[in-house]
Each structure stands twice: as structure tokens, then as C-alpha cells.
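Undergrad: Here you go, sequence then predicted model.
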Amino acid sequence: MTGSALPIAGRSRPAIDAPDTNEPTAPMVRLDHLDALWFQVAGTICNLRCTHCFISCAPENHSFWFLSLDDVLGCLEESKRWGVKEYYVTGGEPFMHVDLPRMLEAMLELGPATVLTNGTLLPDRALRPIAEASERSPYSLELRVSIDGPSPELNDPVRGEGTFDRAMDGVRRLLDYGFLPIITATQVWDPDRDEEVRRAFVRRLQALGYSNPRLKVLPSLRIGREIARDRGYTAEERITEEMMCGFDTGQLLCSSSRIVTSRGVHVCPILIDAPESRLGDSIGDAERPFELSHQACYTCWLYGAICSNYGVIGQDVT
Amino acid sequence: MSPERTAAGVRLAFFGGVYSNHLALEAALTDARARGAQDLYCLGDMGAFGPHPDRVFPLLIDAGVRVIRGNYDDSIARGLDDCQCGYTDPRDNHFARLSYRYTYRNTDERWREWMASLPDRERLEVNGWRLLLCHGSPRRMNEFLWESTTSTQFLDYLAAEHETDVILGTHTGLHWERALTGGGRFVNVGALGRPANDGRTEVWYTMLTLSEPAGPRKRARQEERAGQEERAGPEERAEPGAGLEVEFIPVAYDHERLASEMREEELPEEFVETILTGWWTTCLEVLPAKERQRGKL
């Protein structure tokens, strides 16, 4: 992992403005309410090495380490007084964490939870207690499985040889346990093919026994490894004050979420490699506003709600 | 507007999500009056989905229903491009657009103006209980508060932030309630426009009975007066939430006639199927796992 690969070039301080002031020129977004608390339980450690990964996760990427069960339980306790609405779990690959079931059990006592997984590591010893905890809870447990195309030909060049079949097998196992996973695909294909890809996804998942599959298509984030796979952001792709006129900041994750990592509490799951994304040691520290100076913020501005469970890229059926 | 205090309890009826189902609305109004509802409230989304949207408004007005504006009403009133439900699934969008265009085309200008004049929330105080009526949530008209994706601690926050004991909303189309930590309540009053994705053809509304003694606010005032816990009277020792009764009421109506009207208006057969079977066929994207598992599709 190389955090240095991340562009911080979007900081919009015009040279003609008095450079001796510390006035931010990029728009600031305040935390309206902590609706979603994320946990990067597996750090940047993943069994895969996807070529578009915006935080360059890999087996040997130890930039961010596993969260301990006690870390998570402590934050959950603190989250009560913040009135957190829901919890999200990500990594790296969360199923690499041996305490994932206990973490989810604790979360589901307080509220709904969502796990973002690559679907290739779903042992019975983890799925059984998780399914039981989900059954006991009044809250939904969502499993989001990343698959970047409806075929090995589209998916495997991005996620690794054999990962399509392994992830689809993971989807089948989740269905067996009674889950209704949300398939999350990064748009690594030509946007003109959206409808064709979507239909192919549905057919493939239905063939697996998933009669009404849930599908979420995401834009790629042009940081981390994605810069080499496709491209980084251009100088123009950044948020300016003018772009925020009439814009509903509620569409941006930073207005309603924070993420707990092994290095502290950060503004969002996308920017953790950027030094300015670390807002403090505790949830309380991380309450402060965030400056939309990173170029990846541009993608959130364009699409909104990238990291939440529903929607993002849709094309009308005519 | 605040109903009178009575020791016996005030009965209030709450409707939501009428979705142009004038037949179900008519049946619910009759039913609520027969059950002793003193006042009636509609929490918005009068149009969408069903036939002849203009038939709903005179029913509400003639029955003296207090109405607040939902996201659908807001869109129709302002002539926006869509219903502000935020769907991105292509199939959901397709049906949402059909429904929206039909509703917009068949809503008279005077009713659009009327909807534009409606408040987006209302506060009541009844027998010591503070009630906040909204469409989606107190903070956002189109926020989906599903039972399985809304933590109690979040509802506690909303109630405290908006200084209320009871929050009443609709928007999701599924009725549910949750006791809040301090003795208050969140109530999704359900929808009259389409069934609750449960295989039944009835639709649902809510009857609230608010009795003395006791809303949480009244207890708090008494505690202030008492000064010390040991001086607390019998009302302070009441169970949290005592004095507030929530009843979800199924309404049978002539759903076959509604289906006929929908077909005459050439509304999608998928909508008709929902009315006739009780299972949702569209707008499923936003349904969370637990609610989805209970449904057929």
C-alpha cells in the first residue's frame, strides 16, 4: 500500500488569494447528525488485490490494522449517546476478522448493520452465528457482496482470477442462510453498457436461485489503485463553493457519518489514506466539520450517497 | 388545534399514503368515526399509484381531516420532475414515473394550490402528551424510517431534538411502532393506498388513545414541582408510556372496484396486482432485508 499515491491536488487555494490566512476555500460540510457509524474492522488487509481498490487493500497492506473486539464494543457504547441510526462494517475484508460474529451480535442489539464483503471468505463458523444474531434481532443485517460484472470475463481482470465463481458461490451460501445480499458492482464497464450489464447480472443471479436480486452499481473512485487501472481525477474534477449553491449536503456521507479505524476516527471510508481525513481519536473529536478539498469528494458530489445501501447509478428502462 | 383534555382519553385517527385510493379513504373515514375518533389527521401522499387523484381531496375536506404535505404532494404541487422518493433502480423508476405522470396530469390546478398551502408538520398537545405529526421523519419529509433500519437510540434522538413525546409518520407504507426510552412512542401510521405487502387486501390506519394520567412531559413537570424523587406521587410511578394506546386498524374496502377503475385508467397491471393480492410488485428497491423477507417478491 502506498498512501503517497493519493492525490491531494484538489485543494483549491487560488494563488491570488491572501496565502497567509488559513481561511479554507473549499466548501465545509458539517456533521448534521451521526446517522451511520462505520467500522474498518479489517484495516486495509484483504485476501484480494482488486485493481480499482481506492485504498489499495491487499494481504500485505498493513497501513490500517484490525480493530479489536474491545475497540468496537467501546465505540458501540459511545455511539448510544450519539443516537446512531445504523452501523456499517468494512475493511479490507471483514470476514478475515475472527471476532466479526461477536461484533455484529453487539451491533444488532443496538441497530441495523451492514457488512461489505468480497464474498470469497464465508465460512460456516462465521455465517451460522451471524445468521442466528440476525434472526434474533429486530434490525436488518445487510450483506453487500462486491462483484464487478456478471461474468468472469468482466469481473476477474479487476478482482482476480477465479473471484467471480468464488463470490457467486458466496452469494449462494448467503441465500442458503436466509440472507438477501446486495450485489455491489463498481462500474468498470463502459457506461453505455449499463442496461446490458444490469440485465446480465439479474439473469446470472436468478440462475443461482436469487429470484429478485438486489443490485447496486457504484461509480469508480479515482484514487488508490484505480489511478493505474483507469485514471486519476483531472484538475477540474473538484468541488468549488459555486457547486454547493443549492446542493443538498445531506447527499454527502460526511454530513451524516464517520468511520472508526485503527488509526483514529476518519471522515469517511473513502478518504482514510488522506491525512486530513483523520478527525481525531474519538467520535467526539470527529464531530468537527470537514473541508471538501479532496478530489474524490467530487465523485460523491456527482452521485451522492455512494456508500449507503441503496441506489446510486440507475438508468431508466424505456 | 388541540383536542380538549378528558380523563377518559382522546381518540385520534391517523391516515397516511392515500395514493389516490379514494375507496379505502372513504371506508377508513367511516370506520374511524364509528370507533369514536374525535379528530382525523392525514400525514400526506394523497396521490400516486391509484386512479382519479382528484376524488381524494373533497373526501378529506368534507370529513374535516387535518392534512399535512407529503413528498408526493410537494412534488405535484410544485410541478417537480419526480416524486422525490429517490429510487435509482430502473424498474422502480419506470413505474414511479408512469404513476407520477398520470397523477400530475389528473390533478386539477386548484388542488395543486391547496397542497402547496399545507403545512409539512403539525404539533399537538393532548392530555399532557406532545405529538409531532410529519410525513417521513421530523427532519426530512422523504426520509424512510423502516422498522428494521431505525434504531431506538436514533428515535430517542429525534424525539429529544424535536421536543416531542410522540412522533407520527408514514411514507414507507408499512405500519409499525416503537416505544421510546423515555416513555414516548414512534408510530408509522401505515398507508391507505396499498396493502402492507402481507398478502392481505386490507389497508391500514392508526387509532391513538391518549389518556390521563400522564405523558412524559406531564411527569417531568410534576417531578420539577416535586423536587425530589421520594415526594413523587402516583402519576410519577406510572409505567413509562402508560396512557398512550396505539391500535393499527385494517380496513376492508371494495378493492375489486378499485382494480377495475385502475384498469379503466390504464394504470400498470403491476399496480392492480398489488391491490388484488396484497403483495408489493414495485418500489421494492428501498425495502430493507427484514421487510423484504416478509414479502413475496
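TA: Cool, got the structure.

Undergrad: how far away is A:Val115 from A:Glu142?
TA: 7 Å (C-beta to C-beta, to the nearest Å). Heads up, the C-betas are built off the backbone N, CA and C, glycines and all.

Undergrad: er, A:Glu291 I mean
TA: 31 Å.

Undergrad: what about the strands in the stretch 101-250 of chain B?
TA: B:122-126, B:129-133, B:166-169, B:176-179, B:185-188, B:203-210, B:244-251 (DSSP state E, counting those that start in this stretch).

Undergrad: Between these, which one is closest to chain A.
TA: Comparing the strands of the stretch 101-250 of chain B against chain A with C-beta to the nearest C-beta, the closest turns out to be strand B:176-179 (8.8 Å).

Undergrad: Tell me how many other residues surround residue 279.
TA: Picked chain A for this. 21 (other C-beta atoms under 10 Å in any protein chain shown).

Undergrad: The intended chain is chain B.
TA: 17.

Undergrad: Surely it and B:Leu287 touch.
TA: No: in this structure, B:Trp279 is not within contact of B:Leu287 by C-beta atoms under 8 Å, at 11.9 Å.

Undergrad: tell me, what's touching the two both at once?
TA: B:197, B:295 (C-beta atoms under 8 Å, 6 or more residues apart in numbering or on different chains).

Undergrad: residues from the stretch 151-297 of chain B in reach of chain A?
TA: Residues of the stretch 151-297 of chain B found near chain A (C-beta under 8 Å from any C-beta of the partner chain) are B:151-154, B:156-158, B:284-286, B:288-293, B:297.

Undergrad: Surely A:Arg102 is within a strand?
TA: No: applying DSSP: H, G, I helix; E, B strand; the rest coil, one finds A:Arg102 to be helix, outside a strand.

Undergrad: quick check, stretch A:248-266 touching chain B?
TA: Yes: judged by C-beta under 8 Å from any C-beta, stretch A:248-266 and chain B are in contact via A:Gly250.

Undergrad: Quick check, B:Arg294 in contact with B:Trp176.
TA: No: at 11.6 Å, B:Arg294 does not count as touching B:Trp176 under the criterion of C-beta under 8 Å.

Undergrad: who has more neighbours, these two?
TA: Shown here are B:Arg294 and B:Trp176; by other C-beta under 10 Å, B:Trp176 has more neighbours (20 against 13).

Undergrad: confidence score at that one?
TA: pLDDT for B:Trp176: 98.

Undergrad: Can you report how many residues neighbour the closest residue to it other than its chain neighbours?
TA: Nearest non-adjacent residue to B:Trp176, counting by C-beta to C-beta, 6 or more residues apart in numbering or on different chains: B:Glu147, 4.1 Å away. Residues lying near B:Glu147 (other C-beta under 10 Å) number 20.

Undergrad: pLDDT weak spots in the stretch 201-318 of chain A?
TA: Scanning the stretch 201-318 of chain A with the threshold set as pLDDT under 70 gives A:305, A:310-318.

Undergrad: Now do the helices in it.
TA: Assigned by DSSP state H, counting those that start in this stretch, the stretch 201-318 of chain A shows helices spanning A:226-229, A:297-303.

Undergrad: No more questions from me, cheers.
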